[in-house]
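1. here is a sequence with its predicted model. Questions after.
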Amino acid sequence: MKEILSQLNRCVGISGSAVITHDGIPVVSVIPDQTNEDKVAAIGASLIRSTVTGLGQLADQEVQSVWLEASRGRILLVNAGNIFLVVVTDPTINLDTTMLDIKSAANRLRRAVSLEWADSQK
Amino acid sequence: MGQLKEGLSLWSSRVRARMQPSGGNIGRLARRYIEGGRLDESAKVLDEGMTRYPGLSELADVAHFVAQLQLRRQEVQTKEVLESARQAYYQLAQAHVSVGDLKSATETIWGGLQRFPDCAPLYRCLGELHLRLFLEDYLVHDGLSAAENLERAVGLDETDTQARTGLAGLYMRVGCHNRAAVHLKSLLGRMSSGEGDYAFIENLLVQCTHQDETSKDSSLNDCLTAVYEAREFAQDLGDWGQPESPRLGHCDVSLMEVSPDLVRKTIVDFLSASKADGAVMLTQTEECIIGEVPFAHTPETLGGVLRRLTETAVDSCHRMELGHSRRGMVQLSGGSLGIFRLRNGEVVFLFGPGHAAKSVSQTMDHFTDCLAMAIGESGERDSVTTEPLRGN
């Protein structure tokens, strides 16, 4: 997982990424600054709890992605099966291009988690 | 015949004098040029003379004098060039600020400060840039940078009232009254009573004195942290002491306060022609559902859920130090939400299934244009403010 995140972070404009479970428990993160690492995990968890418990349960819908744009950056949460991929980006990046890399990373994470789960069942 | 000989002799001596002038003649000619202000010609003549009569004291004295004059003239010219370069850095930085390109403005200022480390206007420009960001987003590091650079500007030029006003405004807003009082006193000292903001500044100074008696000032860092945590200022000073907003930069709609009635009317008009099924308008006091709700939500709970979601979104951006949130999007298995933020509330557009993220994003862009048109056409310019977020 860390390798997938590290590769994702090499894309232009991405300043950090993390993996968090649906109930907001941080799994792994690759953020250059250690202080921000904890912060991203905590904030990602809070966002997931708010969207998943608020919207998901109420309308019986699954949250696929959350995208927030602020004056100095963006936060993206992408559903990758049993986990969420959290990505922090610069405000100026071309989201269409970067979104392809983010979705690709989410798919790889989804596969990695499925394989780990299958291994644990053997 | 004799006259002819005499004339020829005179002409010949003149020619010889011209071909091989004496040291004295060269000196005289050089002085004539100096008197006429033609230093370059004088230097040229002296250079030739010194080559012909090396070490001749008469020429050496004049040459030294010319060199001094040339040096002084060069100094004046260089100072003029340097001053215009300082001005050029400052003007370029201001131009970047005026179009909202803060990154280029910062780079220009740092480039200028490397060459002119004692340039007060550049420090002021940098300080004001951070001050504007601090007033928008309450981030501690912006506040510290604003204070540091404005203090440097004042340290280099104590007559810089613009920097002092910015500092006094910053310290008052974050509750650092001791520090504010220093600059308020200085501002009053440079004004005559009845002039401009004199009464206002005097009133602020009285408040500082009163605060000083009742409580001790916390450190600047503590004051800034308290403002960051509360997301509001210790005191509302209106526009006073805040730098001008960019005139030609991209308009930040999330900092605009628009009357709820106008927003509601715009949403109603917009929904009839847009891809969104419905919208929920959230203000501080009400939640208003407009159009259809394409989900299985009950209208009573939808507003509350969306309010909690937008509050978390705003808080997340703030805690991540990403500044103030502008807009957002949530994609669900059975539809999408497009969150559009204004200073005094949010509008959440509701989309049924089958809308791509790009379509939602384009719809929100379109709503921005519709809102701008509505503001313009309604003539309700007075109800719209684009000032930085302020507390109290």
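-> Yep, it's here.
2. B:Cys119 against B:Ala88, yeah?
-> No - B:Cys119 lies out of contact with B:Ala88 (C-beta atoms under 8 Å); the separation is 11.3 Å. Heads up, the C-betas are built off the backbone N, CA and C, glycines and all.
3. more neighbours, the two?
-> Neighbour count, other C-beta atoms under 10 Å in any protein chain shown: between B:Cys119 and B:Ala88, B:Cys119 has more, with 22 against 12.
4. now do the contacts for the closest residue to the more buried one other than its chain neighbours.
-> In space, and not counting its chain neighbours, B:Cys119 is closest to B:Arg86: 5.3 Å by C-beta to C-beta, 6 or more residues apart in numbering or on different chains. The neighbours of B:Arg86, taking C-beta atoms under 8 Å, 6 or more residues apart in numbering or on different chains as the test, are B:112, B:116, B:119, B:121-122.
5. mind doing that once more with 10 Å?
-> Counting by C-beta atoms under 10 Å, 6 or more residues apart in numbering or on different chains, B:Arg86 touches B:112, B:115-116, B:118-122.
6. from those residues, which two are the most distant?
-> Farthest apart among these by C-beta to C-beta are B:Arg115 and B:Ala120. That separation is 14.4 Å.
7. please identify the buried residues of the helix or strand where B:Lys44 lies?
-> Using DSSP states H and E, B:Lys44 maps to helix B:39-52. Buried residues in helix B:39-52, counted by 16 or more other C-beta atoms under 10 Å in any protein chain shown: B:39, B:42-43, B:45-46, B:49-50.
8. any idea which of the residues you listed is closest to chain A?
-> Taking C-beta to the nearest C-beta as the measure, chain A lies nearest B:Leu39 of the buried residues of helix B:39-52, at 54.0 Å.
9. distance of the closest residue to A:His22 other than its chain neighbours from B:Tyr123?
-> Closest residue to A:His22 apart from its sequence neighbours, by C-beta to C-beta, 6+ apart: A:Val52 at 5.9 Å. According to C-beta to C-beta, to the nearest Å, A:Val52 stands 48 Å off from B:Tyr123.
10. which one of the two has more residues nearby?
-> The residue with more neighbours, out of A:Val52 and B:Tyr123, is B:Tyr123; 26 against 20, by other C-beta under 10 Å.
11. what's the burial count for the closest residue to that one other than its chain neighbours?
-> In space, and not counting its chain neighbours, B:Tyr123 is closest to B:Ala153: 3.9 Å by C-beta to C-beta, 6+ apart. Counted with other C-beta under 10 Å, the neighbours of B:Ala153 add up to 26.
12. now do the one 3 residues further on
-> Neighbouring residues of B:Leu156 were enumerated by other C-beta under 10 Å; the total is 17.
13. if I pick it, what's in contact with it?
-> B:Leu156 makes contact with B:117-124, B:163 under the criterion C-beta under 10 Å, 6+ apart.
14. quick one on the thing from earlier: top of the contacts of B:Arg86 by neighbour count?
-> Counting neighbours by other C-beta under 10 Å, B:Leu122 comes out on top of the contacts of B:Arg86 with 26 neighbours.
15. list the contacts for that one?
-> Contacts of B:Leu122 (C-beta under 10 Å, 6+ apart): B:86, B:89-90, B:93, B:108-113, B:115-116, B:149, B:152-153, B:156.
16. among those, which one sits closest to B:Ser193?
-> Of all these, B:Ser193 sits closest to B:Ala153, with 26.2 Å by C-beta to C-beta.
17. right, and that closest one touches B:Leu131 too?
-> No - between B:Ala153 and B:Leu131 there is no contact under C-beta atoms under 10 Å: 11.4 Å.
18. common neighbours of the two, please.
-> In contact with both B:Ala153 and B:Leu131: B:124, B:163, B:166-167, using C-beta under 10 Å, 6+ apart.
19. export those residues as a markdown table, with columns for pLDDT, neighbour count and distance to B:Gly303.
-> As requested, these are exported to a markdown table (pLDDT from 0 to 100; neighbours: other C-beta atoms under 10 Å in any protein chain shown; distance: C-beta to C-beta, whole Å):
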| residue | pLDDT | neighbour count | distance to B:Gly303 |
| --- | --- | --- | --- |
| B:Arg124 | 95 | 27 | 46 |
| B:Ala163 | 95 | 28 | 46 |
| B:Gly166 | 95 | 27 | 41 |
| B:Leu167 | 95 | 30 | 43 |
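20. out of those, which are inside helices?
-> The helices, defined by DSSP state H, take in B:124, B:163, B:166-167 from the shared contacts of B:Ala153 and B:Leu131.
21. can you map out the strands along chain B?
-> B:278-282, B:287-291, B:325-332, B:335-342, B:345-351 (DSSP state E).
22. for B:Gly55, which of those strands is the nearest?
-> For the strands of chain B, distance to B:Gly55 was read as C-beta to C-beta. The smallest value, 77.9 Å, belongs to strand B:325-332.
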